[in-house]
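> structure here, sequence nowhere to be found:
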Ligand SMILES: C[S@@+](CC[C@H](N)C(=O)[O-])C[C@H]1O[C@@H](n2cnc3c(N)ncnc32)[C@H](O)[C@@H]1O
């Protein structure tokens, strides 16, 4: 499975909700500073949160972790978190953009919005990951990533603090990998080559 | 050509057609949001593809109006980003009070929440009779709804909370009457506001403003269009006037940035320098 497209990936997108802080701490904490791909993350946070989560994760990770700025260019070794109350999207010229479009799946930021726009831009060179969370945000987006030829990873529902987001994704599609949290960073490192 | 590339091409043709026929220029809007919204409109229409829809869109103004509603993101809130309104109250109003009369422009006002918020704030700060707010939007339907000043009652809890956190000095319930599922804003607020259609990509400057607010509008524009619209604001603003953008926006790397200084870090309020 790790065969032909191992070195062709260009970006990683992650969607997470309830249980997100500890899940992201684990994954980002295990990635090395040399991780060659940009990582875009939507975590469901309340509308008036500040950039505290990004600062916290930045202290836990060798990667640079920051809140996404509009029109920011993607850089390797950097993880971008969606700011509160904005959707995070990716443009054809590989810059990030933000929008105040209405909530999708009751969420703004919404995982589906990030995943769908990322799939449009990166197609088969995208890795999409759905982690712990309540609800079903991310399922449609992950399906789109798969349909565009990208690689899909879902956190093992048995391992998830809240299993509904992973379960909902697995109901909709057959993921390439279903793994517990502590295996995901090493998997990413291998995939990113 | 794969389907995704075909859709990009169809969007390009459609935007060019819309521009030629109706004069609305969406060619320099950011693609990701525009694409999502166009496809959303398409899925709620009777057409299978944008090329199929294009023929009728270019001939049928009413159908085009539905597309325009679909393209523009008209979501807003009263006192959205309470800390921003607090900064206006505490740091901008003292300057405004030094003028006998001030003019304020909300560009891209959507359904009007922001303009009414500003009217409430200035009245509480004792500026009764000393200001006029111009609130404009490209979308004429939202302008009509902004003029009504009627909002779903379920939104009022959030508006009230925002108001209190923004340093509101009164009781928010004094500004509206609840009727059935709606809150009707007090008509006296509207006396201070002029609502009008205005397209930032095509229409001329508005002269001699003391304060311009354009929040969460330019996030949908590509860099070149942003710079063009900021020039328009610059030529509409008096020296020493204030320009405000959204919480996640800034003038960093923009062409006009040298002519402005940041009033407060992170509040996204800029002051135009005296030449
Ligand atoms: C998300 S709303 C922002 C509302 C409000 N300023 C706020 O921040 O809550 C964006 C508004 O910009 C308007 N808009 C988009 N393009 C425009 C243009 N070219 N000229 C004027 N208004 C435009 C849309 O119709 C929409 O109502």
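Structure received. Keep in mind it's a predicted model, so treat the numbers as computed, not measured.

> okay, and the residue in chain A that chain B sits nearest to sits in which element?
Chain A approaches chain B most closely through residue A:89 (3.9 Å), counting by C-beta to the nearest C-beta. Every C-beta, even on glycine, is put in place using the N, C-alpha and C of the backbone. For residue A:89, the element it lies in under DSSP states H and E is strand A:87-90.

> list the strands paired with that strand, with their directions.
In the sheet containing strand A:87-90, the strands it pairs with under DSSP bridges are strand A:96-99 (antiparallel).

> which other residues reach the strand it pairs with?
A:40, A:68-72, A:74, A:80, A:82-83, A:86-91, A:113, B:30, B:32-33, B:73, B:219-220, B:248 (C-beta atoms under 8 Å, 6 or more residues apart in numbering or on different chains).

> against the ligand, which of those residues make the cut? List them.
Cross-checking these against the ligand (C-beta under 6 Å from any ligand atom) gives residue B:73 as the overlapping residues.

> out of the contacts of strand A:96-99, which are inside helices?
For the contacts of strand A:96-99, the ones inside helices are A:113, B:32-33, with DSSP state H as the criterion.

> quick one: buried residues of stretch A:102-121?
Neighbour-count burial for stretch A:102-121 flags A:103-105, A:107-121 (criterion: 16 or more other C-beta atoms under 10 Å in any protein chain shown).

> quick check, that stretch touching chain B?
Yes. In this structure, stretch A:102-121 sits against chain B according to C-beta under 8 Å from any C-beta of the partner chain; the contacting residues are A:102, A:113, A:116-117, A:120-121.

> redo these as a markdown table? Include distance to residue B:57, pLDDT and secondary structure.
As requested, the residues of stretch A:102-121 next to chain B are arranged in a markdown table below (distance: C-beta to C-beta, whole Å; pLDDT from 0 to 100; DSSP: H, G, I helix; E, B strand; the rest coil):
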| residue | distance to residue B:57 | pLDDT | secondary structure |
| --- | --- | --- | --- |
| A:102 | 23 | 91 | coil |
| A:113 | 25 | 98 | helix |
| A:116 | 24 | 97 | helix |
| A:117 | 24 | 97 | helix |
| A:120 | 22 | 94 | helix |
| A:121 | 26 | 95 | helix |
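
> from the ones in helices among the contacts of strand A:96-99, which is closest to the ligand?
When these are compared for distance to the ligand, the smallest value, 10.2 Å, is given by residue B:33; criterion: C-beta to the nearest ligand atom.

> from the ligand, how far off is residue B:266?
17 Å (C-beta to the nearest ligand atom, to the nearest Å).

> surely that residue forms part of a helix?
No. Under the criterion used here (DSSP: H, G, I helix; E, B strand; the rest coil), residue B:266 is coil, not part of a helix.

> pLDDT at it, what is it?
Residue-level confidence at residue B:266 comes out at 78, pLDDT.

> do a quick rundown of the strands in the chain.
With no chain named, the answer covers chain A. Taking DSSP state E as the criterion, chain A carries its strands at A:11-16, A:39-43, A:64-67, A:78-81, A:87-90, A:96-99, A:126-130, A:151-155, A:177-179.

> nope, chain B please
Counting by DSSP E, the strands of chain B are B:102-107, B:131-137, B:150-152, B:176-179, B:182-185, B:193-197, B:209-214, B:237-245, B:260-264, B:269-272.

> run me through the strand neighbours of the third one, direction for each.
With DSSP bridges as the criterion, the sheet partners recorded for strand B:150-152 are strand B:182-185 (antiparallel).

> repeat for the longest one
Strand B:237-245 has the following strand partners under DSSP bridges: strand B:209-214 (parallel), strand B:269-272 (antiparallel).

> returning to that earlier point: and which of the residues of stretch A:102-121 next to chain B is nearest to residue A:25?
When the residues of stretch A:102-121 next to chain B are compared for distance to residue A:25 (C-beta to C-beta), residue A:113 wins out at 24.1 Å.

> spatially nearest residue to that closest one, not counting backbone neighbours?
residue A:87 (4.5 Å; C-beta to C-beta, 6 or more residues apart in numbering or on different chains).

> number of residues surrounding the one you found?
Counted by other C-beta atoms under 10 Å in any protein chain shown, the residues lying close to residue A:87 total 27.

> identify the residues contacting it.
Residue A:87 makes contact with A:98-101, A:104, A:108-110, A:113-114, B:33, according to C-beta under 8 Å, 6+ apart.

> how about the residues of chain A by the ligand?
Within chain A, the residues that sit near the ligand (C-beta under 6 Å from any ligand atom) are residue A:100.

> shaky segments in chain A?
When residues are selected by pLDDT under 70, those of chain A lie in A:1-7.

> that older thread, turn the strands of chain B into JSON lines, including distance to residue B:229 and mean neighbour count.
Shown next, in JSON lines, are the strands of chain B (distance: least, C-beta to C-beta, whole Å; neighbours: other C-beta atoms under 10 Å in any protein chain shown):
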{"stretch": "strand B:102-107", "distance to residue B:229": "8", "mean neighbour count": "24"}
{"stretch": "strand B:131-137", "distance to residue B:229": "12", "mean neighbour count": "22"}
{"stretch": "strand B:150-152", "distance to residue B:229": "27", "mean neighbour count": "16"}
{"stretch": "strand B:176-179", "distance to residue B:229": "32", "mean neighbour count": "14"}
{"stretch": "strand B:182-185", "distance to residue B:229": "28", "mean neighbour count": "18"}
{"stretch": "strand B:193-197", "distance to residue B:229": "16", "mean neighbour count": "17"}
{"stretch": "strand B:209-214", "distance to residue B:229": "7", "mean neighbour count": "23"}
{"stretch": "strand B:237-245", "distance to residue B:229": "11", "mean neighbour count": "21"}
{"stretch": "strand B:260-264", "distance to residue B:229": "14", "mean neighbour count": "16"}
{"stretch": "strand B:269-272", "distance to residue B:229": "14", "mean neighbour count": "21"}
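
> isn't residue A:126 up against residue A:117?
No. The pair formed by residue A:126 and residue A:117 falls short of the contact definition of C-beta atoms under 8 Å, at 10.6 Å.

> now the closest residue to residue A:185 other than its chain neighbours: how far from residue A:60?
Using C-beta to C-beta, 6+ apart and skipping the chain neighbours, the partner closest in space to residue A:185 is residue A:30 (3.4 Å). Distance, residue A:30 to residue A:60, using C-beta to C-beta, to the nearest Å: 10 Å.
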